[in-house]
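Peer 1: whatever this is, show me its structure:
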Amino acid sequence: MPFDPDATGIIPKLTFDEGPADRTPDEPAGTDTPEESDADERAADQTITFRIPGPLRIGHPPTTDDPATDDPATDDPATAGTVSMPIQHPDPAGEAPRADTPEDEAPVGEGPAGEDPTAEGPSAAETTRAVPKGPAVGLKSTAGDSSTPVTEPGRPARKTPATGTTPPAQAGDDTTKSEAPAEAGSSGTRAGKPSPAGTEEPAPAPGDGTPPRDETTPEDDTLPTALMTAVEAVEAVEAEVSPVAPVPASTPEPAPAPAPAPVRAKGPGGWFGALLAGAPKWLPVVLVLEGLAMYVLALKVPPGPFRGVDPQEIDGLGLISALPATAFLAILIMIVSFFVTVAQSTDRKFLLLFQIAAITFALHGAGALVAAEPRFPTAYIHAGFVEFISRTGESAISIDARMGWPGFFALFAFVTKAAGIQDMTTILQWTPLLSNLLYLLPFVLILRQVVATTRARWFAALLFVLVQWIGQDYFSPQGFTFALYLAWVAILLRWFGRVEPRTKPVPAKGLRRLLGRLDAMTPGELANTGTYRADKLLMLMLLVALFLASVASHQITPFMMLGVVTAFLIFKRTSLTWALPFFLGLAVLAWISYMTVGFWSSQIDTIFGGLGNILQNLRSNTGDRIEGTDPAHAMVLQARLGILVVILSLAATGLLRRLRRGVFDRSALILLCVPVLALGLQSYGGEIGLRIYMFALPGACLLAAYAFFPNLPADSADVREETVPLRRRNVRFNPQLTRKVSVVLAACFAVLFAFAFLLARYGNEKFERVTTGEVAALHYVYEHDKPSARVLYLVPKLGPEVTPTLPWGERDVEIATFNVQALVHKDPTLIADAVKALREQPRNSYLMVSRGQVSYLQLNEGYPADWGERFRAALDASPDLKRVFANEDAALYTWKKFVRGTETPDPRPYKSGAGDPTSPWTPVGIAALGLTWVALFGYEIIRLNGPDRARKTRRRLLYLAVPSFVVAFAVIIERFIYISQNN
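Peer 2: Numbers count the residues shown, from 1 in each chain. Next up is the predicted model:
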């Protein structure tokens, strides 16, 4: 039969062949008796011949003394792929079953009338039919695919010559395998050579005692996919008919013993080999769990050799001076576990996220594990604001300016009151760790929107944890709104990202040529595609909600958000319009003008006095923090600056390496540079540098990761991890070697950053750590603060920017005040200024000497090591003072004698916003604000449907928004001028 060019090479050829169905092995082929001739006619209707390419083993192999095995005809390649299978039907008379051919079916072995036997067979579509019903006997297989059906009953089967020739295999078809000798213990038939037609024995009936047939085949004896499909189809048909008694065999023979299957080597050697082979899966998990358990035990067990933390050993270097060696080893193990996982070619997201979370717990949870009380004194005053709002139901900006942005405090006041929480100690203690874990979620979403390899993304996430040393994640509004900022950026990139290739030609020369070449580079971020308009509308509303929550909670975060969205619009990295930044900017100005008037009405110079003083603001955040400190503590401040320099250097290196690969990461560069603009606003109490560093971290960490892994991700299945960049100059080293070197270098920098983190973050632990004695002393004040009380704290110089270094304001913030300073000197015997400050205060005023204040003076101002003990001894010896409370960590002193008739004054009354000053144009400004917001927000919603939708409506909204915006902005300016001049 000629080769069918339309055949796929895997579809089986199902034909009906004339030939003996039952022939004993002792009878030669071609010697039919008269009785057998009639049987052959019946058997022709009961045999299905499969034409398949390649070798095949079917059922029970013939024995070695079978003459058919020595027949040269079996070596004929034309018959190598022919398999005959008798089909049996139940016969009540017990005779051999006979196939019932339908009337519309062509005779067996013949095609329709007038069809040329050598003509091309039916197409692949015509052969996808089911076979006639009938049980399959003795047909076994070890491979198959159930995706290819067989011929349909009632249709003429494809006609093939009786010789059973097999079409040649197509090029590339791997179904034809090289033949191999049969396994030991099998019959003498060569592997892959079927026995001649009629030599197969029927399958034994269940329970007849015949041993099971040998169904094992050598590894290289494979069954074509299509044949197994046909076998499964026949077996499915067999299940629908009644069971049939097997045809008795003339000379039944027992089946040979099956060949033993390959078994894994037993014993320690085989088990160890299998365990070692699976090490990439289980080793990172074991390492991170071991490191985590080791770290917790190292910090929580009682102090001893190589374990435990003794707070008395903390010196100018901070907590790192008291950590045991096992703590450093545990951190090293967890970092190694992370890089073992990163070095693998698979992206094990949940394991990597768990490893980063474990490292976060070790670094940012160390303070909570060591300290008995919540660390960082400022967290206590924030808890006092929450307690005040929960108790009174209102905010009072006259008590503290931070209560003019009460969103964060009001949120926790609602939560604590609804949950019935009376003591916030646990919340204060674990907030730093929970905050950093919360930061990871939106930052990982940001990383999903950049064009980077898996290693670059996860290393950026690790860097974000390792270099977050500034300590603004305690229970504070800035720590809370930083999470909102990250979520804001993630939504902008994920749902409103925009990446447009440059279509204009690059200019010939000049600065425009440079900008054009940058614009023509591959974007470093992914564009938003396939988002429904309803989803975009929901995300736009969420953007506005996040921004308004930040406006009501913090002073700086809204300006960072506004700067990012404006930069995205300038550099065409968002699909939003300019209506949104005007909408949001007006919201910030309105809150400051209308809701915080009690703060700025008499402090215009304080707010705007630092505008443009970039150098002065920079010096107050760097140089002033290093000069005049303890030598050991100066190393802490230098380590902080060192981390800043290294991370910025890595970010610059990563940016350059990406540019050499033709990638321009605009979004990461925007996230890095926009926060720096805040340096021109004001010093923010000497902390504007810390805020800038915190908000610039997302972009800096992403670019720093590119310094080690700058390549683009794989774009096809044949590239496993990343593309190999093309360089015009210099021959690139072996890519496999450079990847390994990059992972090793990244791991070394990670270890360096981790240990530097412990020095930079906990370097102030000697005075930022809150002791139980200090908390007990302030609780004494709260118990005796009726109707009011004042607490004086120690300062080396008088000034408004010096805050108490003690856990102040946890309760009764409107009753107990901490706004009086007592000047002290390096000579502990000079107590005159402190006594004078206490004498000038009314009754129920206390001078507090605490461990934290003394440590601050020693480390930052150079006071003697024994200054605290000598200063307390001088106060005890003073005839004018009386010590009312004392323990190892703190002491309270009050005036011994008061003038008769002097009473404790009432607390300073606080007033709500109803009594704030106003201006004549304020009602007009409020109306213009509402009209502007409605028009701009409506314009942005309509624009979500597309740039060409409702142009006339959007134009009308702009005609309404522009003049109302001008009026609202003018009224805000008028309020600043009018109220400041009249107050």
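Peer 1: for residue 636, give me its contacts.
Peer 2: Going by Cβ atoms under 8 Å, 6 or more residues apart in numbering, residue 636 touches 316, 317, 318, 759, 760, 763, 764. All C-beta spots, glycine's among them, are computed from the backbone N, C-alpha and C.
Peer 1: tell me, how many residues neighbour the first one?
Peer 2: Spelled out, that is residue 316. Here the number of neighbours of residue 316 (other Cβ atoms under 10 Å) works out to 19.
Peer 1: which of the contacts of residue 636 sits closest to residue 546?
Peer 2: residue 760 (29.7 Å; Cβ to Cβ).
Peer 1: neighbours of that closest one, how many?
Peer 2: 26.
Peer 1: how much space separates it from residue 907?
Peer 2: Noted for residue 760: a distance of 40 Å to residue 907, by Cβ to Cβ, to the nearest Å.
Peer 1: do the same with residue 483
Peer 2: 35 Å.
Peer 1: neighbours around residue 343, how many?
Peer 2: Residue 343: 17 surrounding residues under other Cβ under 10 Å.
Peer 1: then the one 10 residues further on?
Peer 2: The local packing of residue 353 (other Cβ under 10 Å) involves 15 other residues.
Peer 1: with residue 548 instead?
Peer 2: Residues lying near residue 548 (other Cβ under 10 Å) number 16.
Peer 1: once you drop chain neighbours, what's closest to it?
Peer 2: For residue 548, ignoring the flanking residues on the chain, the nearest one in space by Cβ to Cβ, 6 or more residues apart in numbering is residue 587 at 6.5 Å.
Peer 1: identify the residues contacting that neighbour.
Peer 2: Neighbouring residues of residue 587 by Cβ under 8 Å, 6+ apart: 547, 548, 551, 558, 933.
Peer 1: so who does residue 782 touch?
Peer 2: 810, 811, 812, 816.
Peer 1: host element of it?
Peer 2: helix 772-783 (DSSP states H and E).
Peer 1: looking only at neighbour counts, state which of residue 483 and residue 907 leads.
Peer 2: Shown here are residue 483 and residue 907; by other Cβ under 10 Å, residue 483 has more neighbours (20 against 17).
Peer 1: just for the stretch 201-350 of the chain, where's the confidence low?
Peer 2: For the stretch 201-350 of the chain, applying pLDDT under 70 flags the ranges 201-268.
Peer 1: what segments of it are helices?
Peer 2: With helices called from DSSP state H, counting those that start in this stretch, the stretch 201-350 of the chain shows them at 225-238, 268-277, 279-300, 325-343, 349-364.
Peer 1: any chance of CSV for those, columns distance to residue 826?
Peer 2: Listed next are the helices of the stretch 201-350 of the chain as CSV, based on distance: least, Cβ to Cβ, whole Å:
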stretch, distance to residue 826
helix 225-238, 90
helix 268-277, 64
helix 279-300, 35
helix 325-343, 35
helix 349-364, 35
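Peer 1: just for the chain, where's the confidence low?
Peer 2: Scanning the chain for pLDDT under 70 picks out 1-268, 529-530, 602-629, 680-686, 714-733, 801, 899-902, 911-915, 983.
Peer 1: mind listing residues that contact the helix or strand where residue 860 lies?
Peer 2: Using DSSP H and E, residue 860 sits in helix 851-861. Identification of contacts with helix 851-861 by Cβ under 8 Å, 6+ apart yields 316, 377, 628-630, 633, 764, 766-771, 773-774, 793-794, 796, 804-806, 824, 826, 863-865, 867-868, 871, 889-890.
Peer 1: in strands, which of the residues you listed fall?
Peer 2: Using DSSP state E, the members of the contacts of helix 851-861 that fall within strands are 793, 794, 890.
Peer 1: from the residues you listed, pick the one nearest residue 945.
Peer 2: Closest to residue 945, out of all of those and judged by Cβ to Cβ, is residue 793, at 59.2 Å.
Peer 1: returning to that earlier point: and the contacts of residue 587, which is closest to residue 418?
Peer 2: residue 548 (21.8 Å).
Peer 1: what about that closest one, distance to residue 312?
Peer 2: Distance from residue 548 to residue 312, by Cβ to Cβ: 48 Å.
Peer 1: can you show me the helices along the stretch 651-800 of the chain?
Peer 2: Here the stretch 651-800 of the chain has its helices, by DSSP H, counting those that start in this stretch, at 666-673, 688-706, 735-761, 765-768, 772-783.
Peer 1: in the third one, what counts as buried?
Peer 2: In this case it means helix 735-761. For helix 735-761, the neighbour count (16 or more other Cβ atoms under 10 Å) marks 739, 742-743, 746-747, 749-751, 753-754, 756-761 as buried.
Peer 1: quick one, whichever strand or helix holds residue 876 and helix 851-861 angle?
Peer 2: If you go by DSSP H and E, residue 876 is part of helix 867-877. Counting by axes from the mean of the first three to the mean of the last three Cα atoms, to 10 degrees, helix 867-877 lies at 130 degrees to helix 851-861.
Peer 1: contacts made by helix 867-877 with the rest, please.
Peer 2: 824, 826, 828-829, 831, 834, 847, 849, 851, 854, 857-858, 864, 881, 883, 891, 893.
Peer 1: try it again at 6 Å.
Peer 2: For helix 867-877, contacts defined as Cβ atoms under 6 Å, 6 or more residues apart in numbering pick out 828, 829, 831, 849, 854, 881, 891, 893.
Peer 1: quick check: next helix or strand after it?
Peer 2: Heading C-terminal from helix 867-877 (DSSP H and E), you reach strand 881-886.
Peer 1: for that following strand, C-alpha coordinates in CSV please.
Peer 2: Taking C-alpha atoms only, strand 881-886 is exported to CSV below (Å, rounded to 0.1, in the frame of the first residue of the first chain):
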residue,chain,number,x,y,z
LEU,A,881,13.7,68.9,97.5
LYS,A,882,11.8,65.8,98.6
ARG,A,883,12.1,62.4,97.0
VAL,A,884,8.6,60.9,96.7
PHE,A,885,9.4,57.8,94.5
ALA,A,886,12.5,55.9,93.7
